[in-house]
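Visitor: Mind folding the following:
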Amino acid sequence: MQDFFNNISRYPRFLITVTLGIFAASLGWLTPLFKKPLTGVALVGLLISGLVFMTFTLKAMLGLSSL
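Guide: Numbering: from 1, shown residues only. Just a heads-up that it's a prediction; the model follows:
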């Protein structure tokens, strides 16, 4: 039974490691694009618009919208 709980306790560490690896890889890929002002502004605009889109979509799906 102890082996079972040792095995289960590894999954959160694995999830955190994979998530941090994905963020590190994506930031490493996006960092050179921020060196030019035009692409930096475009990326920030894209990230903000994606976040706003996700917020509106989730509000509509969950019925939290006042419309």
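Visitor: any idea which residue sits dead centre in this structure?
Guide: F23 (7.3 Å; C-alpha atoms, centre = their mean).
Visitor: List the contacts of it.
Guide: If you count contacts by C-beta atoms under 8 Å, 6 or more residues apart in numbering, F23 has none. C-beta here means a position set from N, CA and C on the backbone, and glycine is covered the same way.
Visitor: Let me see the confidence value for it.
Guide: Here the pLDDT value assigned to F23 is 90.
Visitor: Tell me where the chain has strands.
Guide: Ranges of strands in the chain, per DSSP state E: none exist.
Visitor: Would you state the helices of it in chain order?
Guide: With helices called from DSSP state H, the chain shows them at 2-30, 37-62.
Visitor: Least confident of those, on average?
Guide: The minimum mean pLDDT among the helices of the chain belongs to helix 2-30 (a mean of 90).
Visitor: Now do stretch 45-65: distance to the chain's middle.
Guide: 14 Å (C-alpha atoms, centre = their mean, to the nearest Å).
Visitor: Going forward, the N-terminal residue is numbered 48.
Guide: Fine by me, first position is 48 from now on; the one you just mentioned is stretch 92-112.
Visitor: K106 - how many residues pack around it?
Guide: Neighbour count of K106, defined by other C-beta atoms under 10 Å: 13.
Visitor: L90 now?
Guide: Counted with other C-beta under 10 Å, L90 comes out at 13.
Visitor: Spatially nearest residue to it (excluding sequence neighbours)?
Guide: Nearest non-adjacent residue to L90, counting by C-beta to C-beta, 6 or more residues apart in numbering: L80, 5.9 Å away.
Visitor: I'd guessed the one you found sits against L93; true?
Guide: No. Using C-beta atoms under 8 Å, L80 is not in contact with L93; the gap is 10.6 Å.
Visitor: tell me the domain boundaries of the chain?
Guide: 48-80, 83-114 (automatic domain parsing).
Visitor: check contacts around L111.
Guide: The neighbours of L111, taking C-beta under 8 Å, 6+ apart as the test, are L105.
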